[in-house]
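# Starting from these lines, generate the structure:
(2 chains)
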Amino acid sequence: MEALLALTIGVLVATAVYLMLARNVLRFIFGLVLISNAANLTIFVAGRLTAGAPPLIPEGAKAPVGEVANALPQALVLTAIVIGFGLFAFALVLMFRAYTHLGTLYSDDMQVAEPRSTASTPSHLTKDTQMTERPAE
Amino acid sequence: MADPQHTQTSSQAGWIGLVPAVLSLALFAAFASQLPAIAAGDVQRLVWEWVPALGISLSFLLDGLSLTFALLISGIGGMVFLYANTYLAGHPQLTRFMLFLTGFMLAMLGLVLADNLIALFVFWELTTITSYLLIGFGHATENGRRSALQALFVTGAGALALLAGFILLGITAGTFEISALMAQGDTLRAHALYLPILILIIAGTFTKSAQFPFHFWLPNAMAAPTPVSAFLHSATMVKAGVYLMARLYPTLSGTDVWFWTLTIAGAFTALFASVLALRQTDLKQALAYTTLMALGTLTLFLGQSSSYAITGFVTFLVVHSLYKAALFLVVGCIDHATGSRDAETLGGLGRAMPVTAAAAALAALSMAGLPPFLGFIGKELLYAGILALDAKVLIFAAALIASNVLMFAVAGIVALRPFWGRAHGVPPRAPTEAPLFMLIGPVILGALGLMLGLFPAGLQTALVDPAVASLLGQDTKAKTLTLWHGVNLPLILSGATIAAGVMLYLTHRPARAALVWLDDRTPSFDAGWDRFLKGLKALAAWQTRYLQTGVLRNYIAATLATVLVAIAGTMFARNAWPQMPDISDASWPLIAICLFTCAGAVMTALTSSRIAAMAALGVVGIGVALVFIVFSAPDVAITQLLVETLVVVLVAVALLRLPLLDQNGRDTRPRDAALAIGLGATVTAVILAVLEAPLDRRLTSFFETASWPEAFGRNIVNVILVDFRALDTFGEIAVVVIAALSAYALLRATSPAPNTPPRDTPTRQIATPSRAERSNS
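Next up is the predicted model:
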């Protein structure tokens, strides 16, 4: 069971990395969502899998009866999901602002601080290069 | 040349320079009071713990060697402060200058007194920094800045090597205390690390003491005001390297490497520098090169092991400090009075500046090595020391004698011709006698050379004997300092030196012309330095352009590739690959969920439709939530579903205002795909390897057994989150709040359109394609 999930995580990481290397920062955000899912699953799987036995203590008992799922990774994953979401939301807003401010979603052209020479700018985005020549505020 | 702005108001000497002068004279008195104890063979130590865990203490050692240096530093320092107070009177930055110079003096004292290698290094670097500030005091001129930087780079680079050498030495010997190292000389010289230690330490001392080929910074450092040159280049800064070699003499000397390195470098530097000294027409530059000659001579003698050589070393050290400081100060007086330092034109100043001329004569006669001056005794000892060498290496004696002949001539050029020779031009100002405070230093220093020459016994017992004992141990007696040894080989050589020196002085003008011709046709180290710096900058620019592309994707790719190589490489090197995974135990529903999730991920990666990508992301999120449900994590699954819903909602809202994914054709990147697949496979391998190791369930068992008795909760996951790890949860909430606040701030910030001034555009105006068109038109 764990091995199957390990393979799934591999696929998630591979697709996430591919997306994060894209020019379009929207794709980068998609990759971010995928890689945080992969990270959560990794923590979960590393704590081993137990089907059908949630970590609960029955009424009247002082400890769980029989073998139950590992509670520790579950607690860690809960925290990780929420923090991952916070990161995602912030990254999304940042990207959105970058777009409204710079007029492009292509990270190669987000060059306000260190404008590259026009020669090395991809030809498909020459219409946006003028943004980079804006005088500093 | 240097020292602008001070000449007009030279009569109004302030009180500010008197404070450090009094301080250094008080220090001099304090050190002098230790003379009897040290002369009696006493050695004083003072220790404060600094970093005990690393064996680093702030410890000081006062013995013959350090006391000799301390007296020279504080004594000459006091006179230089008095001198500078008048020399730079009215200079707007006099206070700053005094502060730098005081800082330098204290750092120098710390250097010669430190008994801990690391403490010594700290003081060493403090002298580097303060001398940088002093050499660059005239920072308004490009020459001043360049010279200061050059001195800083050369000595700083040497200091780095020195630190490495110190650390090696300390680790090898098991102590950083110099007094403890002295006893370990024999074991250290036989140690395998002796050669690296020696090379590193000598790299530091040779750069600091300007030995060939690191000599070029010293003449350039003459860009500093003359009092700085008098102080730094007579007794202090440049002697720090010589001091350190003497300090470590009991620890490191005596091997063939030591002998040949120091002897060859010293002899070559001495000869080379004295030839170049004759070539100079600027008085201060000529003195700078004679300082190089003196440093070479001192290094040469530290290479030897005979008692004559070491006595000669100590005596010449004192002699040189006295006459060189005096001569620098005299040249400062000439510069101050006439506005010129040109040896070609100056002449006949003796009539107008009789006291300066007398001080100059005293110092110059000591430098020339004429009896009855201390310089004569020093030179006799040097000759005796070099003759004690093996007959096979008498070439070094020839080099020493030749450089002394040149010294004789340069002494005449620097200190006699300007006063008594015929003038060949008119200086910018009519000469007048220097003010009183500028005469105290040169007169006292010059007179000391005569007094000590006439009565050398006091110097012998007070300084030379204890200092020689510091180098050679208490058992070896220093040779006697006396004017008359009887007729022997050194005396005959002295006579020959004087005769040849007089000849050279009389013919120095044509000789200089020939040297200028020759010098112009040999490669200059100074120009080489410029080329070196230029090359370094070009290299830095090239590698920055190559590595720092400014493209975000390249940085991410480099980071991920590093992770891939580090993890996969380690697993490969340790042969830690996991077994082939066995998935036969997986149930069909689970296989379906995993396929479903993978399909969603691949779809997200490959689609160029925004809606499809969003839906596929949702598929992945729900697939992960299903995994949580199947494997007994209902709380996690609920959170995952909620978050997944929010993600989809937020992406959908954002997409409404964003352009299409691929405006410019499909986005296929095989290289990125290879990196991605490699990284995915590595992560899978790592997880499989982790799963092969047994699981440590101790923490889980603790939470399971403690959950109800201690926290009264039946849902163990909840108890962990809100009770056992409540602070973590609080931190998590804080992260979310901060993210929300930052997102709010970002959204709220006014959005300046590219072509309009900022803060005019309302937030809501998010005109994206239209603006691109506008800027295009």
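# Indicate the residue of chain B located nearest to chain A.
Per Cβ to the nearest Cβ, B:Gly680 is where chain B lies closest to chain A, at 2.9 Å. Yep, even glycine has a C-beta here, placed from its N, CA and C like the rest.
# Surely that residue touches A:Thr8?
No. With contacts counted by Cβ atoms under 8 Å, B:Gly680 stays clear of A:Thr8, the gap being 10.2 Å.
# what about these two, which has more around it?
A:Thr8 (27 against 23; other Cβ atoms under 10 Å in any protein chain shown).
# distance of the more buried one from chain B?
Distance of A:Thr8 to chain B, given as Cβ to the nearest Cβ, to the nearest Å: 4 Å.
# Now the residue of chain B closest to chain A: phi and psi?
Here is the backbone geometry of B:Gly680 (degrees, to the nearest 10): phi -60, psi -40.
# What residues does it make contact with?
With contact taken as Cβ atoms under 8 Å, 6 or more residues apart in numbering or on different chains, B:Gly680 is in contact with A:10-15, A:17.
# let's see 10 Å
By Cβ atoms under 10 Å, 6 or more residues apart in numbering or on different chains, the contact list for B:Gly680 reads A:7, A:9-18, A:38, B:601.
# and if you look at A:Ala3?
By Cβ under 10 Å, 6+ apart, A:Ala3 lies in contact with A:45, B:578-586, B:684, B:687-688, B:691.
# As TSV, the contacts of B:Gly680 with secondary structure would be great.
Below are those laid out as TSV (DSSP: H, G, I helix; E, B strand; the rest coil):
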residue	secondary structure
A:Leu7	helix
A:Ile9	helix
A:Gly10	helix
A:Val11	helix
A:Leu12	helix
A:Val13	helix
A:Ala14	helix
A:Thr15	helix
A:Ala16	helix
A:Val17	helix
A:Tyr18	helix
A:Ala38	helix
B:Ala601	helix
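# Pick out the most distant pair among these.
Greatest spatial distance in the contacts of B:Gly680: A:Leu7 and A:Tyr18, 16.8 Å, computed using Cβ to Cβ.
# Please give the element, helix or strand, for residue 81.
Picked chain A for this. A:Ile81 is part of helix A:71-102, with elements assigned from DSSP states H and E.
# The intended chain is chain B.
Following DSSP H and E, the helix or strand that holds B:Phe81 is helix B:64-87.
# Past that helix, which element shows up next along the chain?
Note on helix B:64-87: by DSSP H and E, the next helix or strand toward the C-terminus is helix B:94-113.
# Please spell out which residues along that following helix are buried.
Neighbour counts over helix B:94-113 (16 or more other Cβ atoms under 10 Å in any protein chain shown) mark B:94, B:97-98, B:100-113 as buried.
# Now do the helix or strand following it against helix B:94-113, angle only.
As assigned by DSSP H and E, the chain's next helix or strand after helix B:94-113 is helix B:117-135. Going by axes from the mean of the first three to the mean of the last three Cα atoms, to 10 degrees, helix B:117-135 is angled at 150 degrees with respect to helix B:94-113.
# Helix B:117-135 packs against which elements?
Packed against helix B:117-135, as judged by 3 or more Cβ pairs under 10 Å, 6 or more residues apart in numbering or on different chains; DSSP states H and E, are the following elements: strand B:44-51, strand B:56-62, helix B:94-113, helix B:142-173, helix B:178-181, helix B:194-208, helix B:226-232, helix B:239-247.
# helices or strands up against the longest one?
On a contact count with 3+ Cβ pairs under 10 Å, 6+ apart, helix B:142-173 meets helix B:117-135, helix B:178-181, helix B:185-190, helix B:194-208, helix B:217-220, helix B:239-247, helix B:249-252, helix B:525-547.
# Could you look over those and pick the most buried one?
Sort the helices and strands packed on helix B:142-173 by mean neighbour count, taking mean count of other Cβ atoms under 10 Å in any protein chain shown, and helix B:239-247 sits at the top with a mean of 26.
# Now do the same for the residue located most distally from the centre of chain A: its pLDDT.
Most distant residue from the mean C-alpha position of chain A: A:Gly60, 42.1 Å away (Cα atoms, centre = their mean). Reported pLDDT at A:Gly60 in the predicted model: 84.
# In contact with it, which residues?
A:Gly60 makes contacts with B:Arg714, as judged by Cβ under 10 Å, 6+ apart.
# and it, helix, strand or coil?
Under three-state DSSP, A:Gly60 comes out as coil.
# Could you check how far it is from B:Arg714?
Remark: distance between A:Gly60 and B:Arg714 (Cβ to Cβ, to the nearest Å) = 10 Å.
# Find the residue at the geometric middle of chain A.
Ranked by distance to the mean C-alpha position of chain A (Cα atoms, centre = their mean), the top residue is A:Leu32 at 2.0 Å.
# Tell me which helix or strand it sits in.
If you go by DSSP H and E, A:Leu32 is part of helix A:25-46.
# so that helix versus helix A:71-102, what angle?
On the basis of the same axes, to 10 degrees, helix A:25-46 is oriented at 170 degrees to helix A:71-102.
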